[in-house]
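Chemist: predicted model follows, preceded by the sequence.
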Amino acid sequence: MADFSIHTLGCGSAKPTLRHRPSSTVVDFRNNLFMVDCGEGAQLAMMKARLKFQRLSNIFLTHLHGDHVLGLPGLISTLDLHGEGGEITIHTFKEGEDILRPILKAFAGYTSFDVKFNILNPQGGEIAFENHALTVETVKLTHRVPAIGYIFREKPKPHHLKRDMCDFHGVPMYMFNRIKGGEDFIKPDGTVIPNSILTSDPGAPLSYAHISDTAFNPDIAEKIGPVDLLFHETTYLEKDLPLAAPRGHSTARQAAEIARRAGAGWLLTGHYSSRYRDDEEFRREALEVFPNVILNREGLITSIPELRK
Ligand SMILES: [Zn+2]
Ligand SMILES: [Zn+2]
């Protein structure tokens, strides 16, 4: 399995249907799982996708609508039942902590592990999470309630060492880490061996933006920039355009327009309104504006490295 992939657990919108589950996505980054939104049924969808609960340590909420959070009490209760200790961090606004803390305490108790809250600014523009290999950045959305999207950006990877070339040029072992970091090698006689001879390019860092729920807003395109994969909600089709902005949602065409303006590699659709029967219509409409469209569905796994090939 790729080391950066997106698992779609639910890509429906607020009104339940038998075709789609409410919003939930899991980002699998080098075997660490990051959940974005936790609609009802997310824990069952995780089990179906064979994603291990033990690998989940961060849950990022985009906003406090029920179709994005109502799976949390069940999921947290299950984690508690596992009784394996550890902790989970829920990233949300202050209001989210105020609402969720007593609910989770009442239903999960979490005696065996710790639930932490990382309080985020609804204005976006901050780093919600960071480790040695990844940052998760927030971006303000345009919805009926405060809402943010998340951008997962891999940090630049070290160069791959070409051992045969290092040996040939007499690079001592203690220099290897510096060479991986991009330094040239200077021989004792002053000859410079350029880094490009000693290493191979690890490729540009990979990135994923998760944008749900929002009305069309070109500022978002500017903020996310040319990510490899953009999930952007496609609640409506253009024939229902008058409904989109007042309800804080976008059409498939508008999502494709954001992907085009951002210079994204691929667009992933989703948050489909229950009023439509044929999901293919979302793809068809988006393709009129943007060439690389992936039609989302429950159980879909999108490998980001594969999209570069
Ligand atoms: Zn929603
Ligand atoms: Zn919403």
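Modeler: Good, I have the coordinates. Ligands and ions are numbered 1, 2, ... in the order given.
Chemist: may I see the buried residues of stretch 302-309?
Modeler: Judged by neighbour count using 16 or more other Cβ atoms under 10 Å, the buried positions of stretch 302-309 are 302-304, 307. Heads up, the C-betas are built off the backbone N, CA and C, glycines and all.
Chemist: touching it from outside, list them.
Modeler: Here stretch 302-309 makes contact (Cβ atoms under 8 Å, 6 or more residues apart in numbering) with 1-6, 8, 203, 206-208, 228-229, 265-266, 268, 294.
Chemist: the closest residue to Q43 other than its chain neighbours is in what secondary structure piece?
Modeler: Spatial nearest neighbour of Q43, excluding adjacent residues (Cβ to Cβ, 6 or more residues apart in numbering): L75 at 4.3 Å. Under the assignment given by DSSP states H and E, the secondary-structure element containing L75 is helix 72-82.
Chemist: just the residues contacting that helix, thanks.
Modeler: The contact list for helix 72-82, computed with Cβ under 8 Å, 6+ apart, reads 38, 40, 42-43, 46, 53-54, 56, 59, 88, 90, 100, 103-104, 107-113, 115.
Chemist: now do the buried residues in that helix.
Modeler: Of the residues in helix 72-82, those buried (16+ other Cβ under 10 Å) are 72-76, 79-80.
Chemist: ok, stretch 142-162 next?
Modeler: The neighbour-count check on stretch 142-162 (16+ other Cβ under 10 Å) flags 142-143, 146-154, 159, 161-162 as buried.
Chemist: do stretch 119-127 as well
Modeler: Buried residues in stretch 119-127, counted by 16+ other Cβ under 10 Å: 120, 122, 124.
Chemist: show me the contact partners of it.
Modeler: In this structure, residues lying in contact with stretch 119-127 by Cβ under 8 Å, 6+ apart are 91-94, 97, 128, 135-141, 146-149, 223.
Chemist: now with 6 Å?
Modeler: 91, 93-94, 128, 135, 137-140, 146, 148 (Cβ atoms under 6 Å, 6 or more residues apart in numbering).
Chemist: could the C-alpha coordinates of the following helix or strand past the helix holding L75 be exported in CSV?
Modeler: From helix 72-82 onward toward the C-terminus, using DSSP H and E, the following helix or strand is strand 87-92. Listed next in CSV are the C-alpha coordinates belonging to strand 87-92 (Å, rounded to 0.1, in the frame of the first residue of the first chain):
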residue,chain,number,x,y,z
GLU,A,87,-4.5,8.9,23.4
ILE,A,88,-6.5,10.6,20.6
THR,A,89,-6.5,14.3,19.7
ILE,A,90,-9.6,15.9,18.3
HIS,A,91,-8.9,19.1,16.4
THR,A,92,-11.9,21.5,16.5
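Chemist: adjacent strands (with direction) for strand 87-92?
Modeler: Counting by DSSP bridges, the strands paired with strand 87-92 are strand 56-60 (parallel), strand 114-119 (parallel).
Chemist: which parts of that strand are buried?
Modeler: Going by neighbour count (16+ other Cβ under 10 Å), the buried part of strand 87-92 is 88-92.
Chemist: show me which of those residues is closest to ligand 1.
Modeler: Sorting the buried residues of strand 87-92 by distance to ligand 1 puts T92 at the head of the list, at 14.8 Å, by Cβ to the ion.
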